[in-house]
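# curious how this folds, go ahead:
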Amino acid sequence: MNQELSKETQEKITQLQMMEQALQNSVLQKQQLSTQLIEIDSAIKELETTPKSYKIIGNIMIDTNKIELTKDLIKKKESTELRISTIEKQEQRFQEKAKSMQEELMKEIKGD
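Numbering: from 1, shown residues only. Got it, this is the predicted structure:
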């Protein structure tokens, strides 16, 4: 069953492969952001129980205002959550488009 696929079908397969790669990249990015979110939550909780706070700037650690540091971490957490949400929406669009393209390709391949 050696079928030659049309050039158009081959291009669609390539597009689908690229889309799947982009989906994998977004999953990895979301995992990294989720790890950051866990670290931020941990830092915020730790700040609640410690009398002193420090911030790393470059290669040095400096004494810093606990309230300001907490505010900074909360802003960073909100930003990270927003980025995760955006990536999830993007993943959903990729998945829907990939599914549609797969169905279309299967029809074309079976029709050839």
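
# ok, which stretches of the chain are helices?
Assigned by DSSP state H, the chain shows helices spanning 7-49, 66-111.

# how about those helices in a markdown table, adding distance to residue 60 and mean pLDDT?
C-beta: built from backbone N, CA, C; applies to glycine. What follows is these, written out as a markdown table (distance: least, C-beta to C-beta, whole Å; pLDDT from 0 to 100):
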| stretch | distance to residue 60 | mean pLDDT |
| --- | --- | --- |
| helix 7-49 | 18 | 93 |
| helix 66-111 | 15 | 93 |
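
# for residue 58, which of those helices is the nearest?
Comparison of those against residue 58 by C-beta to C-beta identifies helix 66-111 as nearest, at 16.1 Å.

# could you check the angle helix 7-49 makes with that closest one?
160 degrees (axes from the mean of the first three to the mean of the last three C-alpha atoms, to 10 degrees).

# which strands and helices sit next to helix 66-111?
Packing partners of helix 66-111 (3 or more C-beta pairs under 8 Å, 6 or more residues apart in numbering; DSSP states H and E): helix 7-49, strand 53-57.
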